[in-house]
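got a predicted structure here, sequence first:
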Amino acid sequence: ETGVTQTPRHLVMGMTNKKSLKCEQHLGHNAMYWYKQSAKKPLELMFVYSLEERVENNSVPSRFSPECPNSSHLFLHLHTLQPEDSALYLCASSQMGQGYNEQFFGPGTRLTVL
Amino acid sequence: AQSVTQPDIHITVSEGASLELRCNYSYGATPYLFWYVQSPGQGLQLLLKYFSGDTLVQGIKGFEAEFKRSQSSFNLRKPSVHWSDAAEYFCAVGVSGGYNKLIFGAGTRLAVHP
C-alpha cells in the first residue's frame, strides 16, 4: 500500500448503529486529519492529530469520536448519527516541522445515514 | 481572516480548448498556495503548489498556475483540455504556524464537451 488509504470506501448505516472509519498513511508523516465534504459545502476540517495528540477539534458533535493510536493510523468512531451526517469523509496526512508541508489525501469514505 | 474564493462554480469547455480557473485569496502574509483536483468518488490529488520563488509554477497533467501578489490571485491554466480533466478543482491556502492548516475554496466543477 502507498499513500493514504481509507476503509471502508462506502458505508450505509442506520441512525442507531455504531461504526468506525479507518485511515492509514504509509508516508511516514506525523500529523493526520479528518475532513467532511458535503454536497454544496466547502471542505470542513473536523479533527487534527499531531504526534498522536489531538490539536484541533472544530466544534464537531460528540457523535463523532476520533482516535489516533499511533502516527500511521486514524479512526473516526460514529454513533447515533443523523441523516445530515451523510457525506464524504476524507483523511489526510502531512509532516509537521520546519516551514509548511502539504497534506496528502486518501480516497475517502462515502457515508450514508438512513 | 484567511479565505479563498473561487468565483466560478461550474465551467464547461470543449475538448482541446484552453482553460483558466480563477482563485483569489485573502491572507496577511506570503501565502502557501495549492490546487487540488478531485475526480468523482475520489479523494483530492495535488496538482501543484506555490511556496516561493518563480511565480509561474508547473504541475502534473499539463497544468500551470501563476501567483500574482498584486491581485491576490492564483489562477490555474491548461492550454488544451482533455476529456479526462473533467473533475472538481479546489484552490487552497496553507496557513503556517501550527499544523499545516489548509483553507479551501468552494471548488469549481469542470465539464468537458467532446
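Nice, thanks for sending it over. Residues are numbered from 1 along each chain as shown, chains lettered A, B, ... in the order given.

return the residues in contact with B:Ala92.
B:Ala92 is in contact with B:Val4, B:Leu33, B:Phe34, B:Trp35, B:Tyr36, B:Leu102, B:Ile103, B:Phe104, B:Gly105, counting by CB atoms under 8 Å, 6 or more residues apart in numbering or on different chains. (Each C-beta comes from the backbone N, C-alpha and C, glycine too.)

same thing but at 7 Å, please
Applying CB atoms under 7 Å, 6 or more residues apart in numbering or on different chains, one finds that B:Ala92 lies in contact with B:Val4, B:Phe34, B:Tyr36, B:Leu102, B:Ile103, B:Phe104, B:Gly105.

helix or strand: which one has it?
strand B:87-95 (DSSP states H and E).

again with A:Lys19
Per DSSP H and E, A:Lys19 falls inside strand A:18-25.

what's that strand in contact with?
Here strand A:18-25 makes contact (CB under 7 Å, 6+ apart) with A:4-7, A:11, A:13, A:32, A:72-79, A:89, A:91, A:93, A:106, A:109.

what about the most centrally placed residue in chain B, distance to B:Thr108?
Against the mean C-alpha coordinate of chain B, by CA atoms, centre = their mean, the closest residue is B:Trp35 at 3.4 Å. For B:Trp35, the distance to B:Thr108 equals 10 Å [CB to CB, to the nearest Å].

what touches both of those two?
By CB under 7 Å, 6+ apart, B:Trp35 and B:Thr108 have these common neighbours: B:Tyr89.

from the contacts of strand A:18-25, which land in strands?
Members of the contacts of strand A:18-25 lying in strands (criterion: DSSP state E): A:4-7, A:11, A:13, A:32, A:73-79, A:89, A:91, A:93, A:109.

okay, and the beta partners of B:Val4?
Counting by DSSP bridges, B:Val4 is bridged to B:Tyr25.

what's it in contact with, if anything?
By CB under 7 Å, 6+ apart, the residues touching B:Val4 are B:Cys23, B:Tyr25, B:Cys91, B:Ala92, B:Val93, B:Ile103, B:Phe104, B:Gly105.

repeat that for A:Thr5.
Contacts of A:Thr5 by CB under 7 Å, 6+ apart are A:Glu24, A:Gly106.

quick one: it and B:Thr30, what's the gap?
34 Å.

which parts of chain B sit against chain A?
Neighbours of chain A within chain B, by CB under 7 Å from any CB of the partner chain: B:32, B:34, B:42-44, B:46, B:49, B:51, B:94, B:96, B:99-100, B:102, B:104, B:106.
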